[in-house]
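Novice: when you get a sec, could you give me coordinates for this:
(one chain, ligands or ions: 2)
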Amino acid sequence: MTTAAAPLTARVPGSKSITNRALLLAAAADGVTRLRAPLVSDDTLAFRTALTDLGIRVSGTDEVWEVTGTGSGPVGDARVWCADAGTAARFLPPFAATGRGTFVFDGSDQLRARPLRPLVDALTGLGVEPAGGPDGVLPLTVHANGLAGGEITLDSSFSSQYLTGLLLSAPLMREPLTVRAEGLVSRPYIEMTRSLMHHFGARTRQDGDGTIRVLPGGYTAADLTIEPDASTASYIFAAAAVTGRAVTVPGLGTGSSQGDLGFVEVLRRTGAHVEITESGTTVTGRVDGGLTGGFDVDMGDISDTFMTLAAIAPLADAPITIHGIGHARLKESDRIEAVARNLRACGIRVEEGQDRITVHPGRSSGAEIACYRDHRIAMAFSVLGLRVSGITLDDPSCVSKTFPGFHEELRRLFLDHTTPQGI
Ligand SMILES: O=C(O)C1=C[C@@H](OP(=O)(O)O)[C@@H](O)[C@H](O)C1
Ligand SMILES: C=C(OP(=O)(O)O)C(=O)O
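Specialist: Numbering: from 1, shown residues only. Ligands and ions are numbered 1, 2, ... in the order given. Down below sits the predicted model:
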């Protein structure tokens, strides 16, 4: 009789979304906040530096970041570099608008290509006169003199990040802010935003029609331990599924505020065994590393993980369709197009529509994957590379946006151990 091997324990770094929200909340709060286990990666270091540009003191070690909040919006003039970080470009202009001074936001060519128009329109509606590029993209100048609050309608069909940005800064406004978000995508991120705002003492209310109201009153410093990143964990879970291994991510369990943990429910449909407890999540792949296909799944709420599924879908026994992901075309790359091109380069049949992709089963060949400087393309196809020889990346280091140690961790877990397939 053979006994199942004990699960491997993965080391998944902190959540980008929680780290960057917590940085802003701590900066806006009155007092000193300690953030334990923050993500240390390009996106969070960019956010931290941007806050420093805005006059906020952040110190400490890689294990604990100490933020000295000012209890108000920033004061003084500043140029703020957002690098590649969508969260910086969408969360920081509303924060700046609650302060006093002239703030100029800019970022990389990749970030300059990503839409900001709904946020620019919302700030205009709140009485700021932001000056953006002609198409409502970076660079963006905010002449700030505090915000009164009020009622606005926000186009949230490209991204939920505009709504998060406005909500995070609302307690610093003089009156309540009421936002009616239309066409909201990536919905779980808004619950994460509200729950972190409550942790720092803010009061928010959601009405039945989805309208959110935030009361003024500022924030109070509140220490926080940041949980591992669920989007990052998707690569580890998918790798377990296709290698027949059992892998546990500790610290990512039933209490998680990250919608992307829902990716494991998609893996369950492919035949993987999933166990979520208070202390962590374990995924165990089928012994043969095979996947059950033949389903259609809406991943609109968890679109950062759609590439993780699409990249391993050729290993399934029937086609897999993913829909509801049109907004994924507006991220670091046009992700539907990038995944389709790369899978075709591996000899896989793919059909794509504006908001969907269908991946057919097939014997994938090796190919050089074009990463388009998109960390998630690099990480998703690395998982396929555990099963298909000859897969290489044209830009392996782009993973540093969210997981600088990704390649080492994938190797430690899946290549330094013998798997049931002998991979
Ligand atoms: O609020 C956040 O932290 C994020 C929201 C999502 O973006 P969209 O709302 O643009 O889909 C997600 O893709 C991104 O990685 C992080
Ligand atoms: C879309 C992403 O990032 P950003 O925060 O730049 O939007 C992502 O990490 O997949």
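Novice: which parts of the stretch 201-350 of the chain sit against ligand 2?
Specialist: By Cβ under 6 Å from any ligand atom, the residues of the stretch 201-350 of the chain that approach ligand 2 are Asp304, Lys331. Quick note: C-beta positions are derived from backbone N, CA and C, even for glycine.
Novice: all helices of the stretch 201-350 of the chain, in order?
Specialist: Assigned by DSSP state H, counting those that start in this stretch, the stretch 201-350 of the chain shows helices spanning 230-243, 263-269, 306-312, 335-345.
Novice: can I get these in JSON lines including mean neighbour count and mean pLDDT?
Specialist: Formatted as JSON lines, the helices of the stretch 201-350 of the chain follow (neighbours: other Cβ atoms under 10 Å; pLDDT from 0 to 100):
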{"stretch": "helix 230-243", "mean neighbour count": "29", "mean pLDDT": "98"}
{"stretch": "helix 263-269", "mean neighbour count": "20", "mean pLDDT": "98"}
{"stretch": "helix 306-312", "mean neighbour count": "29", "mean pLDDT": "98"}
{"stretch": "helix 335-345", "mean neighbour count": "21", "mean pLDDT": "98"}
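Novice: can I get these in a markdown table with distance to Leu167?
Specialist: Converted to a markdown table, those look like this (distance: least, Cβ to Cβ, whole Å):
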| stretch | distance to Leu167 |
| --- | --- |
| helix 230-243 | 21 |
| helix 263-269 | 25 |
| helix 306-312 | 25 |
| helix 335-345 | 25 |
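Novice: can you redo those helices as TSV with distance to ligand 1?
Specialist: As requested, the helices of the stretch 201-350 of the chain are exported to TSV (distance: least, Cβ to the nearest ligand atom, whole Å):
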stretch	distance to ligand 1
helix 230-243	7
helix 263-269	13
helix 306-312	10
helix 335-345	10
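Novice: where in this protein is pLDDT low?
Specialist: 1-4, 132-134, 417-423 (pLDDT under 70).
Novice: what sits against whatever residue of it ends up closest to ligand 2?
Specialist: The chain approaches ligand 2 most closely through Gly86 (2.6 Å), counting by Cβ to the nearest ligand atom. Neighbouring residues of Gly86 by Cβ atoms under 8 Å, 6 or more residues apart in numbering: Leu111, Arg114, Ser159, Gln161, Lys331.
Novice: try it again with 6 Å
Specialist: Under the criterion of Cβ atoms under 6 Å, 6 or more residues apart in numbering, the contact list for Gly86 reads Gln161.
Novice: list the buried ones in stretch 243-261?
Specialist: 243-253, 256-261 (16 or more other Cβ atoms under 10 Å).
Novice: now the strands for the stretch 251-400 of the chain?
Specialist: Assigned strands in the stretch 251-400 of the chain, in chain order: 273-276, 280-284, 295-298, 320-323, 350-353, 356-359, 367-369, 391-393 (criterion: DSSP state E, counting those that start in this stretch).
Novice: tabulate the ones you listed (a markdown table), appending mean neighbour count.
Specialist: Listed next are the strands of the stretch 251-400 of the chain as a markdown table, based on neighbours: other Cβ atoms under 10 Å:
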| stretch | mean neighbour count |
| --- | --- |
| strand 273-276 | 15 |
| strand 280-284 | 23 |
| strand 295-298 | 14 |
| strand 320-323 | 22 |
| strand 350-353 | 15 |
| strand 356-359 | 22 |
| strand 367-369 | 19 |
| strand 391-393 | 18 |
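Novice: which of those strands sits closest to Asn342?
Specialist: Of all the strands of the stretch 251-400 of the chain, strand 367-369 sits nearest to Asn342, with 5.1 Å by Cβ to Cβ.
Novice: that closest one pairs with which strands?
Specialist: As defined by DSSP bridges, the strand partners of strand 367-369 come to strand 391-393 (parallel).
Novice: give the next helix or strand downstream of the partner strand.
Specialist: Per DSSP states H and E, the first helix or strand lying C-terminal to strand 391-393 is helix 406-414.
Novice: starting at the chain centroid, how far to stretch 231-250?
Specialist: Computed by Cα atoms, centre = their mean, to the nearest Å, the chain-centroid distance of stretch 231-250 equals 18 Å.
Novice: hmm, I was thinking of stretch 402-411
Specialist: In this view, stretch 402-411 has its centroid 17 Å away from the chain centroid, taken as Cα atoms, centre = their mean.
Novice: give me the residues contacting that stretch.
Specialist: Applying Cβ under 6 Å, 6+ apart, the contact partners of stretch 402-411 are Arg11, Pro13, Lys16, Ser41, Asp43, Thr232, His375, Met379, Ser382, Val399.
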